[in-house]
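1. just a sequence and a predicted model for now, questions to come.
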Amino acid sequence: MAPGAVGGPAPTSGDATGGGVHSSDDSTDGGRDGGTARGADGGAGGRRRVAVAGAAVVVVAAAAVAAAVLGSGGDTTPAASTPGTAGGSTATTARTTSAAPTTAAPLTAAAAGDLAGTDLEPGGDGFTAEVSFGGVVLEPRAVGVTVAYPRLRVSDDGDRALAHVELEVWNCLADAPPADPAAADCRRGLAEYADLPSPDLRATRTDDGVQLTGSFPTYTRPNGSAPVYTGRSYALEVEVADRRGTVTGTLRLGDGEAAALPGATLSD
């Protein structure tokens, strides 16, 4: 001890150390507490910023909706769906099927006599006629003539026409067809037949009747056998008219002409 010094217990190293340790602990606790407080404050601040940002988004969205409503005039009624588009009912298109106009099948004969028993229903636009004619020369001969006495039956349904002709054939010694071939000692020949449909048969309506023209290929029925074509055709022109209830007519074949006999009929 130095002279003049006041005696007393000297501080121990443990006290010094203890004082240092306490100082260090206080600073550590303060740092921990401060850090914890700052962390808590920072987390709360972050949550407040997120909440504010979310509120701002909601406000912006609401403003956009309001602008859209104002831009549409304030009408919030849903637009009517267009048929056939997405979100709307499927359109049902009514298909109108217009019946195509039907054309009657043409009349054809695969063999001689195929159309012999065929007649057409006149309906509202057609007609029928049956006429027998006087004699007309078919063929001149060295002595006499071959003559025919035609019978005509024709029917028309407004679209098609069909004529049947029967030629009663006689061989006569006279130069002209007699009114009664049997009484004039003519010799009967083999009858010839023809069936001619349109369009080969041309049927034209007139003011009081009908006019027929066509080339008629003939066939025969030898001894009642199957019909056989003769290879001959006759160009006929026929006019039939109803004049005051009396049916008249004329048949022309080449240079010959025959008048209709009484009893002819025409219905139209």
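-> Arrived safely, thanks for sending.
2. residue boundaries of the strands in the stretch 101-250 of the chain?
-> Assigned by DSSP state E, counting those that start in this stretch, the stretch 101-250 of the chain shows strands spanning 127-132, 136-140, 145-156, 161-172, 187-188, 192-197, 202-205, 209-220, 228-243, 246-253.
3. nearest to Glu121, out of those strands?
-> strand 145-156 (7.7 Å; CB to CB). Backbone N, C-alpha and C define where each C-beta goes, glycine included.
4. so in that sheet, which strands flank that closest one, and in what orientation?
-> strand 127-132 (antiparallel), strand 136-140 (antiparallel), strand 161-172 (antiparallel) (DSSP bridges).
5. just want the angle from it to strand 246-253.
-> 130 degrees (axes from the mean of the first three to the mean of the last three CA atoms, to 10 degrees).
6. may I see the buried residues of strand 145-156?
-> Applying a neighbour-count criterion of 16 or more other CB atoms under 10 Å, the buried positions in strand 145-156 are 145-156.
7. what is the nearest of those residues to Ala203?
-> Nearest member of those to Ala203, counting by CB to CB, is Asp156, at 5.5 Å.
8. identify the bridge partners of the closest one.
-> In beta-bridge terms (that is, DSSP bridges), Asp156 pairs with Phe127, Ala161.
9. one more: Arg151?
-> Beta-bridge partners, per DSSP bridges, of Arg151: Ser132, Glu166.
10. quick one, what contacts it?
-> Contact analysis of Arg151 by CB atoms under 8 Å, 6 or more residues apart in numbering lists 130-133, 165-166, 168.
11. turn these into CSV, columns for distance to Gln211, pLDDT and neighbour count.
-> Listed next are these as CSV, based on distance: CB to CB, whole Å; pLDDT from 0 to 100; neighbours: other CB atoms under 10 Å:
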residue, distance to Gln211, pLDDT, neighbour count
Glu130, 16, 98, 17
Val131, 13, 98, 24
Ser132, 18, 98, 19
Phe133, 15, 98, 22
Val165, 15, 99, 24
Glu166, 20, 98, 18
Glu168, 23, 98, 16
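12. with respect to Ala184, which of those residues is nearest?
-> When the contacts of Arg151 are compared against Ala184 (criterion: CB to CB), the nearest one is Glu168, at 13.8 Å.
13. so the closest one sits against Ala191, correct?
-> Yes - between Glu168 and Ala191 there is a contact under CB atoms under 8 Å: 5.8 Å.
14. sorry, back to before: do you know which of the strands paired with strand 145-156 lies nearest Asp268?
-> strand 127-132 (3.6 Å).
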